[in-house]
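> Here you go, sequence then predicted model.
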There are 2 protein chains.
Amino acid sequence: MTGRQLSEKPSQLRSPLVLKLRTMVELTPGDVAALDALGSVRHHCAGGQTLFEADKRRTAAVLVHDGWAFRHRTLSDGRRQVIDFDLPGDLCDPTVFVTSRAGFSMQALTALSYSLVRAEEVLDLMTRSPRIGAAFWWADAHQEAITRAHLVAVGRMSAYERVAYLLWELWTRLRMIGLADGAGFEFPAGQDVIADAAGLSYVHLSRTLRRLDREGLLRRAGRNWRILDAGRLHDLVQITDGLQLNPLARRIQERLSR
Amino acid sequence: MTGRQLSEKPSQLRSPLVLKLRTMVELTPGDVAALDALGSVRHHCAGGQTLFEADKRRTAAVLVHDGWAFRHRTLSDGRRQVIDFDLPGDLCDPTVFVTSRAGFSMQALTALSYSLVRAEEVLDLMTRSPRIGAAFWWADAHQEAITRAHLVAVGRMSAYERVAYLLWELWTRLRMIGLADGAGFEFPAGQDVIADAAGLSYVHLSRTLRRLDREGLLRRAGRNWRILDAGRLHDLVQITDGLQLNPLARRIQERLSR
DNA sequence: GGCCTGCCTTAACCTGTGTTAATAATGCGG
DNA sequence: CCGCATTATTAACACAGGTTAAGGCAGGCC
């Protein structure tokens, strides 16, 4: 829409990748330009499309610009665990830069606009700027924290708590990128997918959502979900680390920018 | 024991950190010397000791030289999920280099010999050598893969499969570092800890281990566990990624060493 | 050697979640 | 606005795994 300018673009027009990495590591204008270039070629696909599959070789990460996707692993008999949802600005997964095979499959949930970030380009950038290396590593660590909390939820929480946890996580992440407000958010996933994320059957997920409704925590109208009682929801959740951004970044930045 | 020599030390005397990182990224003698220095101060603690706690600030990672530890997250009512076991050579967790608070607690399982690797030192090293940065990042990505597979196991596998999965994971990792052979391994954890790793009650874990025994897959004598039928065990497991080392490293190395 | 203490095992029982299947919404193309 | 296909809900039932509690066994200590 707006032409590229020589000076700083207004941040609204920045690639979501830059916005995200920049929250953690202070980037020089040169870094920003290099990162912007990474996300410059846009691809599109329809909802339901598979972007890559587990155990296949890969040389590029997927940077989501617009739409939702999810990553999952499916066992030979069809049982499926959704690892995580991917939102605009998410890099799925940064691990590809140091690893050659995907540990999971990735599928678009809605129509998706994305870029492919080639591992070689990132490694080149790393050589030139340790700040960029740290920023990508941080993005990876952030995902790791999310996965870890997910493991705790699935391993040790009841269905009710687990679903609350998932809602909380998504709501928090969406608010961070301006796609949700204090009231709630649009959640484009079907209950089968949500159930596979929570490690529940879709029947029990439905029961559980109904209970959240009945008890006044959540109200749904189609894909529009409203949080009615954030306080009680948070009480159920307990683990909220892995979601908050992390102030050590300032320290990293000082170290690396010398 | 043996004095430090000017030339290459025999690899048996190398820090397990170097051995591990080197499997992935080709390191220069300078890199190796720098990494060796990281693990030079040894600390010791008794089994059961807590090394750090979730949500507390940290500035150093723990590098295990000898003994077992585990990382876990405990909910306010005492329910506990073991995230992972830490074996000699493991860096727990590399995430600290880009993150300021632990997402979990760490506890020694046996008497432990370890070093503290300060984030600042690693960041300094990264500035000097992108290879070292990539190596640490890889170590982090490797842990992430393990956690992810663990999530799938806990979320979507039956108790029987899940325990098989855990055994397989530990056995594989122990063989990689020469602490297990084709027959089995020493597993110093009590059943309460193993149960919390599998996301099961210790009673059901006991039942499940008995079943593995009854069906001829596993035989235990105290802490000594022997795998009797690796083939059938592997069939139960399905997911084995995250365990194999990864040949992309060669590519990284080429890129970074120019 | 006997006791104590901390595991591990077993049994009986209970409950949360899965399964199957029928019904009700919802959304979509014509 | 109707009919079809998909997705969500509900109900009835089954079962994996949790809970409680009672032994058993081994190792450490006096």
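Received it, and whenever you're ready, just let me know what you need. Just so it is clear, the model here is predicted, and its values are computed rather than measured.

> and residue A:22, how many residues sit next to it?
A total of 17 residues lie near residue A:22 under the criterion other CB atoms under 10 Å in any protein chain shown. Any C-beta I mention is one placed from the backbone N, CA and C, and that applies to glycine too.

> For the residue positioned nearest the centre of chain A, grab phi and psi.
With the centre of chain A defined as its mean C-alpha position, the nearest residue by CA atoms, centre = their mean is residue A:86, 3.8 Å away. Geometry field for residue A:86 lists phi and psi as phi -110, psi 130, criterion degrees, to the nearest 10.

> what's the closest non-adjacent residue to it?
residue A:69 (4.3 Å; CB to CB, 6 or more residues apart in numbering or on different chains).

> so how far is DNA strand D from that neighbour?
Taking CB to the nearest atom of the strand, to the nearest Å as the measure, residue A:69 falls 16 Å from DNA strand D.

> burial measure for that residue, as a count.
As a measure of burial, residue A:69 has 25 neighbours, counting by other CB under 10 Å.

> Looks like it contacts residue A:105 (just checking).
No. Taking contact to mean CB atoms under 8 Å, the distance of 10.5 Å between residue A:69 and residue A:105 leaves them out of contact.

> for the residue nearest to the centre of chain A, what are its contacts?
Taking CB atoms under 8 Å, 6 or more residues apart in numbering or on different chains as the contact definition, residue A:86 lies against A:62, A:64, A:68, A:69, A:70, A:71, A:92, A:106.

> So for it, what pLDDT did the model give?
Reported pLDDT at residue A:86 in the predicted model: 95.

> same deal with the one 4 residues further on?
Residue-level confidence at residue A:90 comes out at 89, pLDDT.

> Contact partners for the residue nearest to it when sequence neighbours are not counted?
On the basis of CB to CB, 6+ apart, the spatially nearest residue to residue A:90 that is not a chain neighbour turns out to be residue A:64, at 5.2 Å. Taking CB under 8 Å, 6+ apart as the definition of contact, the neighbours of residue A:64 are A:16, A:86, A:87, A:88, A:89, A:90, A:91, A:92, A:112, A:113, A:114.

> what about the third one, neighbour count?
If you count neighbours by other CB under 10 Å, residue A:87 ends up with 20.

> What of the fifth one?
Burial of residue A:89 is recorded as 24 neighbouring residues (other CB under 10 Å).

> ok, now the first one?
Residues within reach of residue A:16, counting by other CB under 10 Å, total 19.

> what's the answer for the last one, then?
As a burial measure, residue A:114 scores 26 neighbours (other CB under 10 Å).

> got the phi/psi numbers for it?
Taking degrees, to the nearest 10, you get phi -150, psi 170 for the backbone angles of residue A:114.

> Hmm, residue A:43 and it touching each other?
Yes. Taking contact to mean CB under 8 Å, the distance of 5.5 Å between residue A:114 and residue A:43 places them in contact.

> one step back: of the contacts of residue A:86, which belong to strands?
Assigned to strands by DSSP state E, the following of these qualify: A:62, A:64, A:69, A:70, A:71, A:92, A:106.

> Please name whichever of those residues scores lowest on pLDDT.
In terms of pLDDT, the weakest of these is residue A:92, which scores 85.

> In the sheet, which residues pair with the residue nearest to residue A:197 when sequence neighbours are not counted? Tell me.
Using CB to CB, 6+ apart and skipping residues adjacent in sequence, the residue nearest residue A:197 is residue A:82, 3.7 Å away. In this structure, residue A:82 bridges to residue A:72 when assessed by DSSP bridges.

> And the helices in chain A?
For chain A, the helices identified by DSSP state H occupy A:16-24, A:29-38, A:119-128, A:130-156, A:159-176, A:191-198, A:202-214, A:230-237, A:248-256, in order along the chain.

> Would you format the ones you listed as a markdown table with mean pLDDT included?
Converted to a markdown table, those look like this (pLDDT from 0 to 100):
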| stretch | mean pLDDT |
| --- | --- |
| helix A:16-24 | 77 |
| helix A:29-38 | 87 |
| helix A:119-128 | 84 |
| helix A:130-156 | 89 |
| helix A:159-176 | 94 |
| helix A:191-198 | 97 |
| helix A:202-214 | 96 |
| helix A:230-237 | 92 |
| helix A:248-256 | 52 |
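
> winner for burial among those helices?
Each of these was given a mean neighbour count from mean count of other CB atoms under 10 Å in any protein chain shown, and the largest, a mean of 25, is that of helix A:130-156.

> does it come close to DNA strand C?
No. On the criterion CB under 7 Å from any atom of the strand, helix A:130-156 is out of touch with DNA strand C, staying 10.1 Å away.

> what about that helix and chain B, touching?
Yes. Applying CB under 8 Å from any CB of the partner chain, one finds that helix A:130-156 is in contact with chain B at A:130, A:133-134, A:136-138, A:140-145, A:147-152, A:154-156.

> anything in that helix near DNA strand D?
No. Residues of helix A:130-156 are not located near DNA strand D by CB under 7 Å from any atom of the strand, the shortest gap being 9.0 Å.
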